[in-house]
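>>> Let me see the structure of the following:
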Amino acid sequence: MTTLDTSLTRDATFARRAAHWRAKLDAIQAQEAQLRLGGGDERLARHRARGKMTARERVTMLCDEGSDFLELGLWVAHGFYEEYGGAPAAGVVVGIGTVHERDVVVVANDATVKAGAWFPLTCKKVLRAQEIALENHLPIVYLVDSAGVFLPLQDEIFPDKEHFGRAFYNNARLSAQGIFQMAAIMGPCVAGGAYLPIMSDEAHIVEGTGSILLAGSHLVKAAIGEDMPNEELGGALVQCDISGVVDHRHPDDASCLAKIRAQFAQLARPQRGPFARQAAVEPRHEAEELYGVMPVSRSRPYETREILARILDGSEIEEYKATYGETLICGTGWIEGWAVGVVANERSVVTRRTGTGAADKELQIGGVLYSEAADKGARFVELCNQKGIPLLFIQDVTGFMVGSRAERGGIIKDGAKMVNAVANSVVPKITLFVGNSYGAGNYAMCGKAFGARFLYAWPSASIAVMGGEQSAKTLLAIQLKNRANEVSEEEKEELLARIQKRYDEAMDPRYAAARLWVDAIIDPADTRRVLARSLAVVACNPHLPEFKTGVLQT
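Below you'll find the model as predicted:
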């Protein structure tokens, strides 16, 4: 192992960087506090007045006291559905909690947001929760309190493959694979949404507030003329004592959640994944120093090893081909005792050897994937699969090298090798976006499309096809193509500024999180804890398929 003795000093540059990113983090966390209020204080009070706990209170009572709830998708739907009053957190709380010391996926409808109705992004968020349960073999608990599909947008949520029905398809697959699903009907559960709890393995219902029915009273009256309130149509007594659809009924939320906790204590303990584990060792450097690592400008270089030194156990890494393909750092280490293979973009300028002589050198731009780096990355991913070591990708990548020299050197071939290896990797993959994530670099470094089990972003992260300045100039050139003699320099500058502003907004990590490109925006100082928790979760799946890459260009 090599100890990462970094050159980071607490000088004026460090202080300026730290102040900038702390301010950005404070702004993000203030917005997150608002998102956690759901429909707002007035609706929360109205919800409690009905004798119901809020979604977040239910989650807290379900999970072990004082345990760490890893919330995912808090930013989903941020900036969407404004014409309908918005949908904070897409009207559903999702995350990984601990129930009797075992990790459990929790999905809790927030009825203070449009009565818990499903928006298109609500559906996407619930499907993501089920995907996490499937991939990691985690039990899942649904705390249901939902009016069903948000009808004004029904055409965006009903019939397609990744729409509402996919949740029930996943119910069936989870159950068939022996992944336990528990449902608590704590509010209305109407129409197609009634299938979600009843396709779970076991279901509970709360008297007086919980109901489950294929058609509510208004629709029943319109359809067949029968006039009957929802409680008599499909309340707790009807669905538990008469129809037998539901397994257990309870007088209130608290007793329902207590019963679920008691039942989880009886679940058989699963096998764990075959991943290596040893005693944890704290890094030699403080996590708080991570605020001062990242430059304010995304184009400025920095030492990626300064990040690794504050995440890895003992600030140690066993580097792979350290003097080859140096714009990509590959190596193995430990995070809170879990073995991990690190694939990280080096953002400092490095010197590449081009021959045997001392003068046979050239500078390479940090954050760019050259042919050697891609070749090295592909082989390292293959090695980690051979050894059964989970992979951590740390992204600050501007893409693959371009130009005639790179093309003649086969950059597309080498890039394809890395993309192929990452796509076919069978060990768990976790991705952390710390800076740029542009173009095909996003794919090669395991962006959302490449099957990462979890994806996290720092406030400094930026995900786009290319950098803002390059994109703005490209878009400007396209718009001005047929107007070259009609636009003044002042108009060009104004148009460029508008394009740049719009593009910069799209490159903010909140934009990515709102669309579920990342699961959460995290505090850099909290990175080690979040990654360790994620590594523990991925170890819940004991199965490791055979690794194959298919045909590769050599």
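
>>> Where does pLDDT dip in the stretch 301-450 of the chain?
353-361 (pLDDT under 70).

>>> mind listing the helices for it?
Secondary structure of the stretch 301-450 of the chain (DSSP state H, counting those that start in this stretch): helices at 305-308, 371-387, 404-408, 411-424, 439-444.

>>> Show me what counts as buried in the last one.
Which is helix 439-444. Buried positions in helix 439-444, judged by neighbour count with 16 or more other CB atoms under 10 Å: 439-444. Any C-beta I mention is one placed from the backbone N, CA and C, and that applies to glycine too.

>>> Next: the second one.
Neighbour-count burial for helix 371-387 flags 371-382, 384-385 (criterion: 16+ other CB under 10 Å).

>>> Export those residues to TSV and append columns for distance to Phe80.
Listed next are the buried residues of helix 371-387 as TSV, based on distance: CB to CB, whole Å:
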residue	distance to Phe80
Ser371	41
Glu372	42
Ala373	37
Ala374	36
Asp375	41
Lys376	40
Gly377	35
Ala378	38
Arg379	42
Phe380	39
Val381	35
Glu382	40
Cys384	37
Asn385	38
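
>>> Next, the distance between the ends of stretch 312-328.
17 Å (CA to CA, to the nearest Å).

>>> Using the neighbour-count criterion, name the buried positions in that stretch.
For stretch 312-328, the neighbour count (16+ other CB under 10 Å) marks 312-317, 319-321, 325-328 as buried.

>>> swap in stretch 389-405?
389-401.

>>> Stretch 131-140 now?
For stretch 131-140, using 16+ other CB under 10 Å, the buried residues are 132-140.

>>> Kindly report the same for stretch 33-53.
By 16+ other CB under 10 Å, the buried positions in stretch 33-53 come out as 35-39, 43-44, 47, 52-53.

>>> Among these, which are located in helices?
35, 43-44, 47 (DSSP state H).

>>> Can you tell me which of those lies closest to Val293?
Leu35 (27.4 Å; CB to CB).

>>> List the contacts of that closest one.
74-75, 78, 88-89 (CB atoms under 8 Å, 6 or more residues apart in numbering).

>>> Please flag which of the buried residues of stretch 389-405 sit within strands.
391-397, 399-400 (DSSP state E).

>>> how about low-confidence regions in the stretch 451-554 of the chain?
In the stretch 451-554 of the chain (pLDDT under 70), the answer is 466-485, 553-554.

>>> let's go with 80 and repeat that
Scanning the stretch 451-554 of the chain with the threshold set as pLDDT under 80 gives 465-504, 552-554.

>>> can you pull out the helices in it?
So, for the stretch 451-554 of the chain - with DSSP H, counting those that start in this stretch - the helices run 468-480, 489-506, 509-514, 527-538.

>>> and what of the stretch 101-250 of the chain?
Secondary structure of the stretch 101-250 of the chain (DSSP H, counting those that start in this stretch): helices at 120-136, 165-176, 195-198, 217-224, 230-234, 236-237.

>>> Turn those into TSV, including mean pLDDT and distance to Asn109.
As requested, the helices of the stretch 101-250 of the chain are arranged in TSV below (pLDDT from 0 to 100; distance: least, CB to CB, whole Å):
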stretch	mean pLDDT	distance to Asn109
helix 120-136	97	9
helix 165-176	95	12
helix 195-198	90	10
helix 217-224	83	20
helix 230-234	87	17
helix 236-237	94	17
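
>>> With respect to Tyr503, which of these lies nearest?
helix 120-136 (22.2 Å).

>>> which other helices and strands contact the closest one?
Applying 3 or more CB pairs under 8 Å, 6 or more residues apart in numbering; DSSP states H and E, one finds that helix 120-136 makes contact with strand 70-72, strand 92-99, strand 102-109, strand 140-146, helix 165-176, helix 527-538.
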